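Colleague: sequence isn't available, so here's the structure alone:
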């Protein structure tokens, strides 16, 4: 039996070569402790980040004095001191005695202190290295040069790589006991590493495999009882004898309730209890939760190369989601509730997958619990990103082995996790940036030898994938595997380039926008509030990020009138860009089988590719995501002499649908309307209709000229006119209406008419109507309330209702015509 | 003896399947003729270009009725009909008889019409193909696919490639007799293809080679007298017998006056007369002009690869100049005076080389004459650009052979021409864009077989170079040969990338700016005058050109207040960008041995990389060029803990110099001043001084932090301050003062103070003074006058004088602080 005594709470800390002790908190970190003491200002405000840089070279000591009053005369077999997370390089002393060194923030550190702990007073000290001096010393002494992006020494330490700065995050090298500390007191025996997974589902029976290990201090033979229950009702039960300290059984579960991704089905979770018994005496008991589902990664040769499709319980699932980064630079302040809120937001945006990116952390248990409960599939990277790693050294291999074992044991019971992935972009780097070919080491030994072996050993239930992106000779090929599409944005290409991309699974692609206006206010003083102020530049961590925001804005919309216009226009542009990509790739279902846009969230208030800013405020992209990730998506494409309407359906059944198509002139006149009925094909894409522009009364057909000069601008024909129509499509299925719209040129080239938008507020409900087609309509509320929708593209005369999480206060309305400066 | 009868002047023309004849002009083209008839509007205004597109599919007939009243009973041996230039595909009929077809606009077409021409009335007709239909037909029938940029059919026709549109020019496919037409009447014999070149210069003697061919209708033996004279005085003379219809002699010229490039010496030109004699009777005589000079291209292995240095008369010359494109889309309207003005402008900007780019034309004789007279070296491309060419076909090889012979014979007497070059960017294309390796054909047969052979045969006096860029495995390598640096601008990189570029000879690099404000007014209606209007977009032919202008503007300066600010800020930014590149490369002299920026001129009013716009109005870059191409250039670099001052000298002697260094705060306070004397090293670069920032009283040294994240933004230290100083350096040599300045961050990050600029106009002289450091100070005059300087960077208190070509009228002054919008 195991008993735990928490050592969390108030500790003492000091700078190593200082004498003054201060109160600190565990879990916590030195930055948060200094902030609490008002010795460090909020690093997210203005340019305070620089103060964190100054802390980097310091060493710190954390100290806890505690009484240990467990009666040692009781038959205690073992006392373990467990650190759930130490960030990162630290020596640990108990009662003055060195008990070990920590070198990996990602895993728990467990020390046998049975012989060192005192009955009564104890002093525990953790002596932290500077998070930069030690690794710089290792780097300087290293016989190899490692290619990298960002801080060159970071590959030498198993610390969250983003903490040394990334193109969306500040450089704040957290130091401290960032997760809990406790004593684990063992008597007789302990159940370790319980594991539950679905071997197969045949007919109405699921065959589930349950196993665990036993650490026993007893001589007697032990037995284990395994109980699988759902909602308190036992579904299967088995008693087995413990052999070689191992428990192992296969159980049959009749009519199992299968775990499905969000949008496809429910997320039933089973409780598994393993009870260790000596005769009928309970020696130890562990209960945990898991789900029943199978996962396959379908990789089959086809006309374009090789497929990359996730199949859950035999059903092909188009992955809709985003990439996840750590949600703070100061991790200990994230709460379980924060994680549940994030995952709920993803679910509400009709996402079904998040990729935990390899430059961050293996996430908090709450993250995976929430994903299990809400049907968010997890693509789990191992924590190697955008660098070569020194795995030619045995010490680094050992760190990697220890880490992957710990991670696999900790996470493998989560049904939400559907893929282990070796790293982020390092194999792409070997091929395209560093020109290493396919090296034996530089990280490849981990991704191609260590990880696949250990994943197979500790978790036979899931596929392993070498890297993201990977597949094909060029790891970032369009023909095979997953793909990061960064020609757009990073490569300065307009987002129309998405339309030519035939990637099989887009695991990254993105487009920046500013955070919410209230968030901009939060990190600026009034004098900072110009688009190119030093503070504004410092809160866009991508070099030339602001230039790109502007380049793409003028490329599509025009010049912003002022900073606030810049904020909203950037959000509208981002939403339109990602919409363009996702719609294109969903229309290729399943030649493309997933779109995870970069990125769901932020780690501080910043201009970034996220749809949710640091304060979880929704950018326009979030609201768009709900629509372009909905299970039914109307898709409008210019084809041939006119316009085709497609219906993309993730529904698992053929669904009757009513389709309405209306065309308005930009001046607000309805110029045509069509209605029809159809049946959408289950989990597929269908062409619903095609209309010529004449059919739709769109008074313009571009005149064919004998000219064609790619790459050069050509004047439009002067006796023609700019396409001045907008087409709206509504598809209604089961009483739910799904909408989309299309205009026929870049907004900057359209003859937009400034709409009159009427706005009615009734309690927490806002209702809007416009007299002419209105685009990028933003509602700004005085109060910091959450809105059910925003950044609307409005059909004239139709009513749009927005629910607020509280009373909104004064309201202001912006649309793109009001924000573009005609200079 | 040859006698000529011009057929220029008024012709008739009509559309082929029309009946109505109109008056047209030869030399001329159908576009100009239609404009004169008011049947075509100015294609350069607004988006009128489109009307020229509509003409492309038409065929045209030009007709000339003329009397031929030369007495045929005189002993005439031959009558030739000579077209100096036919654009392009045309059948020619004389008196209803088909006499030949033209397929190459670049060369003269000569037809023997002795037996066809009538004494009395004659009718000459030229039937032009559509400039697109025929070549599209050839392209469609072609068994090969040729990679290209722009119009895909253009490689099939020997017509100026830019006429199908380029990223700085409209698509206006000129059709017509663009150069003169005449009858050439030969009696007895004719001297053809006279040639003069310098074999070598030894001590005080030049050995010059003079040759010619003789086309004789006589049986008698002939002699030739060769006379070389300078300013009317005979310097050398030789009489030789004509053997095998050839004249050939080597003459010795004592104490020759050598031809030097601009800035290094004079441009003496010799007159060469060849007189064909039968006994002492003059049968024919040809006089032409040339110069005495040797040219070598020094290509020697060195520490960085292989040098690429032009050596004239044994002196290494750093090439300073620009690339030249055709100066109009409607070529016949260019006058001899136009060419002289352009070359004078180049000379006045201290240029010594122009590269005639391979997508245009072999230039008008006036161009080369002016270059001969003003010391502008010419890098002459053959006219192949940015495409694969169908030289696997014999017919195309024959066109190429005929063309290169004609071009070499026509141009080889010009001392200004220093290099023949096979093409523009096609070998770079093979390597980097089209992945052909080093193919046998696709144009390579021309560049690597035909051209080197014919150049050696017809012109042993000059080097031949395969392509621009060329040299090294990667034809665009930094280590060898010439280089086109387009990472900046085309590759969206900031111009700071120039500073890392170690190209050996920069034959292209560029940065766009808007044309002169008056030019913008000329092609727009008032409603077009916003930055992103359709007309403004149509007058920046580079796809996403406007986005780039804006991206680089906000990257360096900030947002423009309005269109006019946009125009001036773009010019300032361009000038600063090219200045940065040129100064860096000149400081590497002779590791880098030339900078030809893209481009000197324009072919229509457009936003482009030029320093002179279509109306020869000077952009800021032109004024900057005068300074950064001056023979003495002060160069200021941040090095180590401070600032180093270099003196770059193209003077051929060591020169005493006085150096003054003043530092001002941006607020206008002089914070330090240094003076020293030194001696600049001849034709070399020397470090004059180094000062720490403390020495210069610049109150800021950036604080070293333990952070370094390339590619990410970092906040500046908040307790620091933006560098707020400007350093000015003046070097005075022989009473001439050369100036330069440096600020320590991008202008957008500096705390600029708005200057008070006082302006005094006295007749045609404008005098300016500023109270604080002023940057990008533009003088705008009411009248369209030429200014001797503009876009000034002013030292507080100093007087700046600008000469106007006439009375300026009302004056407005702008500086960058007045044009940047703080939004």
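Modeller: Yes, it's here. None of the values given here were measured: they were computed from a predicted structure. Numbering: from 1, shown residues only, chains lettered A, B, ... in the order given.
Colleague: just give me the neighbour total for the residue in the stretch 101-250 of chain A positioned nearest to chain B.
Modeller: With CB to the nearest CB as the measure, residue A:165 is the residue of the stretch 101-250 of chain A nearest to chain B, at 4.0 Å. The C-beta positions use only the backbone N, C-alpha and C, and glycine is treated the same way. Around residue A:165 there are 27 other residues, counting by other CB atoms under 10 Å in any protein chain shown.
Colleague: separation between it and residue A:329?
Modeller: For residue A:165, the distance to residue A:329 equals 10 Å [CB to CB, to the nearest Å].
Colleague: rewinding a little: quickly find the element holding the residue of the stretch 101-250 of chain A closest to chain B.
Modeller: For residue A:165, the element it lies in under DSSP states H and E is strand A:164-166.
Colleague: got a list of contacts for that strand?
Modeller: By CB atoms under 8 Å, 6 or more residues apart in numbering or on different chains, the surrounding residues in contact with strand A:164-166 are A:150, A:151, A:154, A:171, A:173, A:325, A:359, A:541, B:707, B:709, B:712, B:714.
Colleague: again, only this time at 7 Å
Modeller: A:150, A:151, A:154, A:171, A:173, A:359, A:541, B:709, B:712 (CB atoms under 7 Å, 6 or more residues apart in numbering or on different chains).
Colleague: quick check: bridge partners of residue A:9?
Modeller: Under DSSP bridges, the beta-bridge partners of residue A:9 are residue A:26.
Colleague: look at residue A:394 and report its pLDDT.
Modeller: Listed pLDDT for residue A:394 reads 97.
Colleague: show me which positions of stretch A:164-172 end up buried.
Modeller: Going by neighbour count (16 or more other CB atoms under 10 Å in any protein chain shown), the buried part of stretch A:164-172 is A:164, A:165, A:166, A:167, A:168, A:169, A:170, A:171, A:172.
Colleague: returning to what we had before: how far does the strand holding residue A:165 sit from the chain's center?
Modeller: Relative to its chain's centre, strand A:164-166 lies at 17 Å (CA atoms, centre = their mean, to the nearest Å).
Colleague: what's around residue A:672, how many residues?
Modeller: By other CB under 10 Å, 16 other residues sit near residue A:672.
Colleague: with adjacent residues omitted, what lies nearest to residue A:790?
Modeller: Ranked by CB to CB, 6 or more residues apart in numbering or on different chains and with sequence neighbours excluded, the top spatial neighbour of residue A:790 is residue A:623, at 5.1 Å.
Colleague: does the one you found sit in a helix, a strand or a coil?
Modeller: helix (DSSP: H, G, I helix; E, B strand; the rest coil).
Colleague: again with residue A:499
Modeller: helix.
Colleague: same question for the longest helix belonging to chain A, mean pLDDT?
Modeller: If you go by DSSP state H, chain A has its longest helix at helix A:563-587. Average pLDDT, helix A:563-587: 98.
Colleague: could you say what helices and strands it packs with?
Modeller: For helix A:563-587, the elements it packs on are helix A:517-523, helix A:545-556, strand A:594-597, helix A:620-628, strand A:632-639, strand A:642-649, strand A:774-781, helix A:816-819, judged by 3 or more CB pairs under 7 Å, 6 or more residues apart in numbering or on different chains; DSSP states H and E.
Colleague: can you redo those as CSV with mean pLDDT and mean neighbour count?
Modeller: Shown next, in CSV, are the helices and strands packed on helix A:563-587 (pLDDT from 0 to 100; neighbours: other CB atoms under 10 Å in any protein chain shown):
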stretch, mean pLDDT, mean neighbour count
helix A:517-523, 98, 19
helix A:545-556, 98, 24
strand A:594-597, 98, 28
helix A:620-628, 98, 24
strand A:632-639, 96, 18
strand A:642-649, 96, 22
strand A:774-781, 98, 24
helix A:816-819, 98, 22
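Colleague: among the ones you listed, which is nearest residue B:782?
Modeller: Comparison of the helices and strands packed on helix A:563-587 against residue B:782 by CB to CB identifies helix A:545-556 as nearest, at 31.4 Å.
Colleague: from chain B, how far out is the residue nearest to residue A:790?
Modeller: 26 Å (CB to the nearest CB, to the nearest Å).
Colleague: would you tell me which residues of the stretch 101-250 of chain A are close to chain B?
Modeller: With CB under 7 Å from any CB of the partner chain as the criterion, the stretch 101-250 of chain A meets chain B at residues A:132, A:149, A:150, A:151, A:164, A:165, A:166, A:167, A:171.
Colleague: of all those residues, which comes closest to residue B:316?
Modeller: Nearest to residue B:316 among these: residue A:149, at 41.7 Å, using CB to CB.
Colleague: quick one: secondary structure of residue A:363?
Modeller: Per three-state DSSP, the secondary structure class of residue A:363 is coil.
Colleague: my guess is it meets residue A:357, correct?
Modeller: No. The criterion here is CB atoms under 7 Å, and residue A:363 misses it with residue A:357 at 10.5 Å.
Colleague: between the two, who's got more neighbours?
Modeller: Using other CB under 10 Å as the criterion, residue A:363 and residue A:357 rank with residue A:357 on top: 29 against 21.
Colleague: show the model's pLDDT score for the more buried one.
Modeller: In this model, residue A:357 is scored at 98, pLDDT.
Colleague: do the one 10 residues further on as well
Modeller: With respect to pLDDT, residue A:367 scores 98.
Colleague: right, and the residue nearest to residue A:790 touches residue A:788 too?
Modeller: No. Judged on CB under 7 Å, residue A:623 makes no contact with residue A:788 at a distance of 8.6 Å.
Colleague: rounded mean pLDDT for the helix or strand following the strand holding residue A:165, please.
Modeller: Once strand A:164-166 ends, the next helix or strand along the chain (criterion: DSSP H and E) is strand A:169-171. For strand A:169-171, mean pLDDT rounds to 95.
Colleague: check which helices and strands strand A:169-171 sits against.
Modeller: Using 3+ CB pairs under 7 Å, 6+ apart, strand A:169-171 is in contact with helix A:49-55.
Colleague: what pairs with whatever helix or strand comes next after the helix it packs on, and is each one parallel or antiparallel?
Modeller: Once the chain leaves helix A:49-55, the next helix or strand it forms, by DSSP H and E, is strand A:60-68. Strand A:60-68 pairs in its sheet with strand A:9-15 (antiparallel), strand A:120-128 (antiparallel), by DSSP bridges.
Colleague: which one, of these, ends up nearest to residue B:19?
Modeller: Proximity to residue B:19 (CB to CB) singles out strand A:120-128 among the strands paired with strand A:60-68, at 95.9 Å.
Colleague: please parse chain A into its domains.
Modeller: Domains of chain A are assigned by automatic domain parsing as A:2-184, A:188-290, A:318-628, A:632-751, A:753-823.
Colleague: quick one: end-to-end length of the fourth one, please.
Modeller: The reference is to domain A:632-751. 31 Å (CA to CA, to the nearest Å).
Colleague: contact partners for the single nearest residue of the stretch 601-750 of chain A relative to chain B?
Modeller: Proximity of the stretch 601-750 of chain A to chain B (CB to the nearest CB) peaks at residue A:715, 3.5 Å away. Under the criterion of CB under 7 Å, 6+ apart, the neighbours of residue A:715 are B:47, B:49, B:50, B:538.
Colleague: so for the nearest residue to residue A:609 once chain neighbours are set aside, what's the pLDDT?
Modeller: With CB to CB, 6+ apart as the measure, residue A:510 is the residue that lies nearest to residue A:609, at 3.5 Å, once sequence neighbours are left out. Reading off the confidence values, residue A:510 has pLDDT 98.
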